[in-house]
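>>> Below is the sequence, then the predicted model.
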Amino acid sequence: MDVSIKFDQPEATYTNGDTVEGSVVLYCKSTITLSKVTVTLSGKSTSGLSGTSGLLLHRRNRESHRFVHETQDITPYTDNLKSAKQEPVKLSFGYHSFPFRLNIPWLAECKVCPAGGSRELPPSMCNLVKDADISYKVDTSVTVRNILKENISRSVKIYVWPLDERPLSVSRMAPDSFPCTSKISASISGVTHRPGSTQQTDDLILIPSVADPAQISVESRFPQDFALTCGRDVAMSLNVKKCDKYLGTLSLQSFQMLLVGYTNISGQPAAQGQTEFWMIQSLSNIDYKISDAYDAVGSGKYISEEMWEGKPLPMSVIPSFKSCNLERRYELEILMGFQCEAPRGRVKFVQLCVPVKVYSGIIPGQCTNAKNDPNSQAGSFDLSFQADDVRSHSRNYRREDSITRPVSHISRHSVPASPPPTYSQATLTSMNNGLRREEIMAERKW
């Protein structure tokens, strides 16, 4: 006898409160007596704990937490009219299907964790981070009555991402009114002026003069909770403010944006946590004017969002979460190169490091049902979230200027299936892209 699990939406990515529907299909090569059929939905997080039990022996333990568990008995019976009892059913040669319905819970329930712990439903995370795994499975167990009872089990993984429960009112906010801010101050070195006299004397040493530095402050603004959305552009604003009476021109020469992901495993030191990197954007030789001598002290300029427009978060980025034994968090690193009186001044790099929270972008009520719409993508979710709406405010802050964009979807194919790039790989890719852009620009000049 062969046993398989078939889903009504085989490519679905499920979320909080969804129903997993499908069937257990049995193929009988001969007549059998079916004793029991059960289906179980389970969610489990597994982490590796390393330790030593001697100088020559290295030991690695694994810790597991089950936070989702639902069982359904779908065993068919036949009614016995004489004894008023239900008896096991006999199945003849061929295929036999038994439907099931299992519900994804709204909250995680782990019996071994303290009551005050986090109850948010973590996303699926398989083969992304070493010694850390979060998986959701549908298991079936079929018992056949024979001379000896035969038990056949099958297991199929499903993909679960948590809902994005942020208020949609965020989409109507202008970037300069985002509530979460992060600031940094910097001093940009002035231009070095060589002495006017070129005569050499024995008793006089001419020392080059250096112009006063330009004092600036850089402020970044993000939506509530410093939120970013999977598969979407970064929603933020950058404002550079002039803080002194610098009599010259200040320019932005380079811009880099890097997302850093941290996976913390409970029971391990923070130094043993794992880190991943994603290069979002890297630009050089921008020569983007920030301020000049005529700008008043305290005046600011917003850096155009075109610097990072069209560079969404990669789909290998999973949402932030904190479970019993695992935590996933992110930081957004922005590296800007400023220069006074280009090209004479030195480039001063200013780094802004902001802890951010990554959301799934799956909005409640936006699930596409393949049964009702045969032309839709099975089990996909509408990701038309704030990022495009926020961008429409940044150009003169008018809603009428917004551009209609194609809707993105998440499906099982979009769920990350490979590890993210390392830091060296991310920077190498960014370098190659930059060289390619310079080659294209040189060809256009010719």
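Cool, got the structure.

>>> Poorly predicted segments of the stretch 301-446 of the chain, please.
342-343, 365-446 (pLDDT under 70).

>>> same deal with the stretch 101-250 of the chain?
114-118, 168-177, 190-211.

>>> what are the ranges of the strands in it?
125-129, 132-145, 150-160, 180-188, 192-193, 209-210, 214-222, 227-229, 237-242, 250-265 (DSSP state E, counting those that start in this stretch).

>>> Keeping just the C-alphas, turn stretch 5-14 into CSV.
This file holds the C-alpha atoms of stretch 5-14, laid out as CSV (Å, rounded to 0.1, in the frame of the first residue of the first chain):
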residue,chain,number,x,y,z
ILE,A,5,-0.5,13.7,1.0
LYS,A,6,-2.1,16.0,-1.5
PHE,A,7,-2.9,19.6,-0.8
ASP,A,8,-5.7,21.6,-2.4
GLN,A,9,-3.2,24.5,-2.8
PRO,A,10,0.1,22.8,-3.2
GLU,A,11,2.2,26.0,-3.7
ALA,A,12,0.6,27.9,-0.9
THR,A,13,2.4,29.9,1.8
TYR,A,14,0.2,29.9,4.8
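
>>> Report the mean confidence score over it.
Mean pLDDT, stretch 5-14: 90.

>>> and the residue lying closest to L107 once chain neighbours are set aside, what does it touch?
The shortest distance from L107 to any non-neighbouring residue, by C-beta to C-beta, 6 or more residues apart in numbering, is to R119 (4.4 Å). (C-beta placed from N, C-alpha, C; glycine too.) Residues in contact with R119 (C-beta atoms under 8 Å, 6 or more residues apart in numbering) are 107-109.

>>> Equivalent analysis for V142, please.
Counting by C-beta under 8 Å, 6+ apart, V142 touches 1, 3, 24, 26, 34, 36-37, 151-153.

>>> Please identify which pair of these lies farthest apart.
L34 and S153 (14.9 Å; C-beta to C-beta).

>>> More neighbours: which of these two?
L34 (21 against 12; other C-beta atoms under 10 Å).

>>> What pLDDT is listed against that one?
Note on L34: pLDDT of 88.

>>> State the distance from it to E150.
L34 sits 11 Å away from E150 when distances are taken as C-beta to C-beta, to the nearest Å.

>>> Also F338?
73 Å.

>>> Over to P105?
In terms of C-beta to C-beta, P105 sits 32 Å off from E150.

>>> neighbour-wise, which of those two wins?
Taking other C-beta under 10 Å, P105 and E150 do not tie; P105 has more neighbours (17 against 13).

>>> Might one say that the more buried one is in contact with N16?
Yes - using C-beta atoms under 8 Å, P105 is in contact with N16, at 7.3 Å.

>>> Common neighbours of those two, please.
L121.

>>> What are the structural domain limits within this structure?
Annotated domains of the chain cover 2-160, 168-193+206-445 [automatic domain parsing].

>>> re the thing from before, need the overlap of contacts for L34 and E150.
Joint contacts of L34 and E150 (C-beta under 8 Å, 6+ apart) are 143-144.

>>> the longest strand in the protein is where?
When the chain is scanned for its longest strand (criterion: DSSP state E), the result is strand 32-52.

>>> Many thanks, I have nothing further to ask.
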